[in-house]
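Enquirer: 3D, please:
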Amino acid sequence: MTVRTFVDTNILVYAEDADAGHKFSRANERVRELWQSGDGVVSIQVLQELFVTLTRKLGKPMTHREAKTVVEEYLAWRVVENNGALLVDAMRLASAAKLSFWDAMVVQAALSAGCELLLSEDLQHGRRFGKLRVENPFVG
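Expert: Prediction:
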């Protein structure tokens with residue numbers, strides 16, 4: 001059985017960064033599984049952050065052209081658009097769940113897409129937001 005899975009920026013970055021060692025291997029494996037199952041979900045926010053990180057924050061940054069190609073590939077996944085309702089819900093969630101605004105945007109995007117799993121290194125492994133469960137693929 002497959003599960004609709006939202007992928008946070010950090011996991012996508014590790015999947016592209018061969019210098020990230022075991023995190024590269026694990027992230028790459030999980031992302032490949034999502035390509036095969038067709039269950040991967042991202043948001044515009046995640047893709048924006050991915051582009052910036054790939055071109056500015058890696059030890060060996062990608063060119064804009066290389067990063068653009070990577071980002072465009074993820075447009076084949078289900079992509080959650082930012083809109084007013086998502087923004088308002090994320091602001092409410094940030095306060096209620098004591099999350100940073102940006103993390104709340106990720107969680108809210110995952111919830112709005114009907115995801116049951118959120119792959120992220122930034123949020124607490126095992127934490128739940130309704131039916132959404134956070135998994136850090138590097139734990140264990």
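Enquirer: Show me which helix runs longest in this structure.
Expert: If you go by DSSP state H, the chain has its longest helix at helix 22-37.
Enquirer: Give the rounded mean pLDDT of the following helix or strand past that one.
Expert: Of the helices and strands lying after helix 22-37 in sequence (DSSP states H and E), the nearest is strand 40-43. Averaging pLDDT along strand 40-43 gives 98.
Enquirer: Kindly export strand 40-43 (C-alpha atoms) in PDB.
Expert: What follows is strand 40-43, C-alpha atoms only, in PDB (Å, rounded to 0.1, in the frame of the first residue of the first chain):
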ATOM      1  CA  GLY A  40       5.200  12.400  -3.900                       C
ATOM      2  CA  VAL A  41       3.800  15.800  -3.000                       C
ATOM      3  CA  VAL A  42       5.600  19.200  -2.700                       C
ATOM      4  CA  SER A  43       4.600  22.800  -2.500                       C
END
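Enquirer: what does the helix or strand following it rub up against?
Expert: Counting by DSSP H and E, the element after strand 40-43 in chain order, helix or strand, is helix 44-56. Taking contacts as Cβ atoms under 8 Å, 6 or more residues apart in numbering, the residues outside helix 44-56 that touch it are 7-9, 12-13, 16, 61-64, 66-68, 70-71, 74-75, 79-82, 102, 105-106, 109. Placement of C-beta: from N, CA and C, glycine included.
Enquirer: what does the model give residue 140 for pLDDT?
Expert: The model's pLDDT for residue 140 equals 76.
Enquirer: ok, how many other residues are close to it?
Expert: The local packing of residue 140 (other Cβ atoms under 10 Å) involves 6 other residues.
Enquirer: Likewise for residue 122?
Expert: Neighbour tally, residue 122, other Cβ under 10 Å: 15.
Enquirer: same thing with residue 4?
Expert: 18.
Enquirer: And it, how far from residue 128?
Expert: 16 Å (Cβ to Cβ, to the nearest Å).
Enquirer: now do residue 113
Expert: 16 Å.
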